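*Asks:* Build the 3D model from these lines:
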Amino acid sequence: MINLDIVDTKNNIKKSASVKEDIFNTKIKEHLIHDVVVMQLANRRRGTSSTKNRAKVKATGSKPWRQKGTGRARAGTPRSPLWRGGGIIFGPHPRDFSYKVPKKVRKQALRSILTSKVQNNSLKVIEKIEIGEPKTKLIISLLKDLNVSGSVILIVSEENKNLELSVRNLRYAKVLRVEGLNAYDLLYYDTVILTEESLHKIEERLS
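*Replies:* The predicted structure is shown next:
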């Protein structure tokens with residue numbers, strides 16, 4: 001077990017929490033992180049690119065000119081891929097790029113990223129985040145008090161409408177619930193802020 005400090009909204013240490021080493025102090029496996037992130041990005045692809053082959057190009061079916069005597073190369077159809085406006089050879093067509101990696105791999109990738117954040121002092125645990133009204137300046141003030149700079153992701157245990165609305169206008173911040181925890185977002189943001197309750201839920205999920 002290792003201990004993580006839990007702070008209040010003014011960045012004062014209030015207590016510490018014992019967490020499992022196999023989640024927050026495990027061996028970092030970069031190849032698994034890579035595999036999971038590539039999977040996530042592939043699953044986001046829409047796969048709607050499409051081109052017309054020579055069978056789908058709309059054009060006359062007649063021969064452009066006679067076979068011999070014109071001095072030009074032989075041509076049988078304006079749909080030829082050699083012609084401007086003709087069909088595309090081996091062009092893209094709508095397809096599904098999504099795939100899955102094993103659940104154990106996804107869990108280990110999350111453990112590796114969380115360990116990396118702890119080692120780099122880029123993970124903070126806060127008792128709770130209470131926002132009385134949806135105001136962006138309240139979040140800016142909170143992050144300033146916590147001495148957080150750069151991009152930040154806040155992990156909460158349950159829906160928090162005021163917090164989500166307050167963060168929505170900040171391009172460098174995001175709110176994510178524990179059930180949506182994923183490798184790409186943890187890597188994308190410089191600092192990870194967990195509430196005490198979300199910390200315990202993450203332990204349950206990744207155990």
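*Asks:* In terms of helices and strands, where is the spatially most central residue of the chain?
*Replies:* Residue closest to the average C-alpha location in the chain (C-alpha atoms, centre = their mean): residue 184, at 3.9 Å. Assigned by DSSP states H and E, residue 184 belongs to helix 183-188.
*Asks:* What's the first helix or strand after that helix?
*Replies:* Counting by DSSP H and E, what follows helix 183-188 is strand 191-195.
*Asks:* And the contacts of whatever helix or strand comes next after that following strand?
*Replies:* Using DSSP H and E, the next helix or strand after strand 191-195 towards the C-terminus is helix 196-206. Helix 196-206 has contacts (C-beta atoms under 8 Å, 6 or more residues apart in numbering) with 4, 6, 17, 19-20, 23, 107, 110-111, 114, 125-128, 155-158, 178, 181, 194. No exception for glycine: its C-beta is placed from N, CA and C like everyone else's.
*Asks:* Quick check: PyMOL command selecting the buried ones in the residues you listed.
*Replies:* Filtering the contacts of helix 196-206 down to the buried ones (16 or more other C-beta atoms under 10 Å) takes a single PyMOL command:
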select buried, resi 4+6+17+19+23+107+110+111+114+125+126+155+156+157+178+181+194
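*Asks:* Filter the contacts of helix 196-206 down to just the ones in strands.
*Replies:* Among the contacts of helix 196-206, the ones falling in strands (DSSP state E) are 4, 6, 17, 19, 125, 126, 155, 156, 194.
*Asks:* so what's the second one up against?
*Replies:* The neighbourhood of residue 6, defined by C-beta under 8 Å, 6+ apart, consists of 13, 14, 15, 16, 17, 125, 126, 127, 196.
*Asks:* can you do 10 Å?
*Replies:* 13-17, 124-128, 194-196, 199 (C-beta atoms under 10 Å, 6 or more residues apart in numbering).
*Asks:* list the buried ones in stretch 174-181?
*Replies:* 174, 175, 176, 178, 181.
*Asks:* Wait, residue 2 touches residue 20, no?
*Replies:* Yes: Residue 2 is within contact range of residue 20, at 8.1 Å (criterion: C-beta atoms under 10 Å).
*Asks:* what do the two both touch?
*Replies:* Counting by C-beta under 10 Å, 6+ apart, nothing touches both residue 2 and residue 20.
*Asks:* burial count for residue 197?
*Replies:* Residues lying near residue 197 (other C-beta atoms under 10 Å) number 15.
*Asks:* All set, thanks.
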